[in-house]
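Asker: predicted model, plus sequence, below.
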Amino acid sequence: MSAPPTKSENRGVASPRRARIAERTLRTDRWWQAPLLTVLGLAAFVIYASIRSWVRTAYFAEEYHYLTPFYSPCLSDSCVPGSSDFGTPLGELPMIIPLGFLVLPFLLGFRLTCYYYRKAYYRSIWLSPPACAVAEPHRTYSGETRLPLIVQNVHRYFFYVAVVVSLINTYDAIRAFHGADGGFGIGLGTLILVGNVILLWAYTVSCHSCRHVVGGRLTHFSKHPVRYWLWTQVSKLNARHMQLAWTTLATLMITDFYVMLVSSGTLSDLRLVN
C-alpha cells in the first residue's frame, strides 16, 4: 500500500485529483509570448521611471509651466524655482530621495495591487500560472491570505490616494495652458499633459474599487438610480481596464520624455496659441 500524500502533495498541480501528466503542458502554441512581453513591458517602465525619478534634471519647463508627473507635486527646497505651487514644506532632500517620493510609493502601490496588474505579474513573473493549461512550478498555494500578498487587500485605500494625485495632475495640466509672455497659451506639451491626465482619470475610475465605491453595498439598484447610473458608466470603463493600464504607462513615459526634451532645450515646444 502506498503512503498517503503529504500536505504539499494535496495542493496545486500535485493534487491527487489532477491528471498525472509528465509534460508541463500539452499546448503547442506560443503560450510563453504573452508573459514574456508583459515582463519586458513592465521592466521597461520600471527602469525608465526609476532613472527619471532620481536624476533631478529636466523635469520642469518654466516658460510654459510643464511639470512632469514623476515630480508632481514637488514639495522640497530642492525643486527648481517655479515648480512648487503647493509650497516647499520638506526643505532640502538628499540625492538618494526622489523629489516625488511622497506620491510615488502610493502610485506604485495602486498599480501593484490593481486587479489587472496582479494577473499580469502573477502570470509573467511568479508564473502562477504562466498561462492557461500550463502547470505552475509552485507546489503550494495560500492565495492572498498571508504576507506579502495579504497587502493586496489595501487596494481600495491606494485608490483614494490615486484620486488625490489625479486631481494634482489635473491642476498641472490646467497650469500648462501658459504662454511665453505669461498669458494664455497652448502648445504641444499642453495637449500631451491634458491627454495624459484624461487617460489617468479613465484608468483610475475604471478601477474595481471605484465600482464598489459608487455601486457597492446596495441591495436594490432601483432605489438608487444615480448610483446605478454611475456604476454602469464605471463598469463600461472597467471592461477596458487592462488597455488603460498599459496605455497610461506609455503616456506617463511620453509626457515625461517630452517635458524633458523641452526643459533641457533639446526641443522647442510646438506652439499652437501664443
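Answerer: Yes, it's here.

Asker: and Ser78, how many neighbours?
Answerer: Residues near Ser78, counting by other C-beta atoms under 10 Å, number 17. Every C-beta, even on glycine, is put in place using the N, C-alpha and C of the backbone.

Asker: now the closest residue to it other than its chain neighbours, what's its secondary structure?
Answerer: Of all residues beyond its chain neighbours, the one nearest Ser78 is Leu93 (4.8 Å), with distances taken as C-beta to C-beta, 6 or more residues apart in numbering. Secondary structure state of Leu93, per DSSP: H, G, I helix; E, B strand; the rest coil, is coil.

Asker: contacting residues for Ile254?
Answerer: Contact partners of Ile254, counting by C-beta atoms under 8 Å, 6 or more residues apart in numbering, are Ile192, Asn196.

Asker: check for me that it belongs to a helix.
Answerer: Yes. Counting by three-state DSSP, Ile254 is part of a helix.

Asker: work out for me the element Thr140 sits within.
Answerer: Here Thr140, judged by DSSP states H and E, is contained in no helix and no strand.

Asker: correction: Met260
Answerer: Assigned by DSSP H and E, Met260 falls in helix 241-263.

Asker: try Glu23
Answerer: Applying DSSP H and E, one finds Glu23 in no helix or strand.

Asker: for it, phi and psi?
Answerer: Main-chain torsions, Glu23, degrees, to the nearest 10: phi -70, psi 150.

Asker: now do it, the pLDDT please.
Answerer: pLDDT, Glu23: 74.

Asker: same deal with the one 3 residues further on?
Answerer: Leu26 is assigned 81 on the pLDDT scale.

Asker: thought Leu261 was touching Ser268, still the case?
Answerer: No. Using C-beta atoms under 8 Å as the test, Ser268 is too far from Leu261 to be in contact (9.2 Å).

Asker: quick one on the thing from earlier: who touches the residue nearest to Ser78 in this structure?
Answerer: With C-beta under 8 Å, 6+ apart, Leu93 has these contacts: Ser76, Asp77, Ser78, Leu99, Phe101.

Asker: try it again at 7 Å.
Answerer: Leu93 makes contact with Ser76, Ser78, Leu99, according to C-beta atoms under 7 Å, 6 or more residues apart in numbering.

Asker: inside strands: which ones of these?
Answerer: Using DSSP state E, no member of these sits in strands.

Asker: CSV please, covering those residues and showing pLDDT and distance to Phe70.
Answerer: Below are those laid out as CSV (pLDDT from 0 to 100; distance: C-beta to C-beta, whole Å):
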residue, pLDDT, distance to Phe70
Ser76, 96, 14
Ser78, 96, 14
Leu99, 94, 9
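
Asker: Throw the residues you listed into a markdown table and include distance to Phe177, thanks.
Answerer: Formatted as a markdown table, the contacts of Leu93 follow (distance: C-beta to C-beta, whole Å):
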| residue | distance to Phe177 |
| --- | --- |
| Ser76 | 26 |
| Ser78 | 27 |
| Leu99 | 24 |
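
Asker: and which of these is nearest to Gly187?
Answerer: Nearest to Gly187 out of the contacts of Leu93 is Leu99 (C-beta to C-beta; 23.7 Å).

Asker: pretty sure that closest one contacts Cys74?
Answerer: Yes. Between Leu99 and Cys74 there is a contact under C-beta atoms under 7 Å: 5.4 Å.

Asker: setting aside sequence neighbours, what's the nearest residue to the residue most central in space within the chain?
Answerer: Residue closest to the average C-alpha location in the chain (C-alpha atoms, centre = their mean): Arg111, at 3.9 Å. Once flanking residues are discounted, Arg111 sits nearest to Tyr117: 5.4 Å by C-beta to C-beta, 6+ apart.

Asker: having no further points to raise, I will conclude here.
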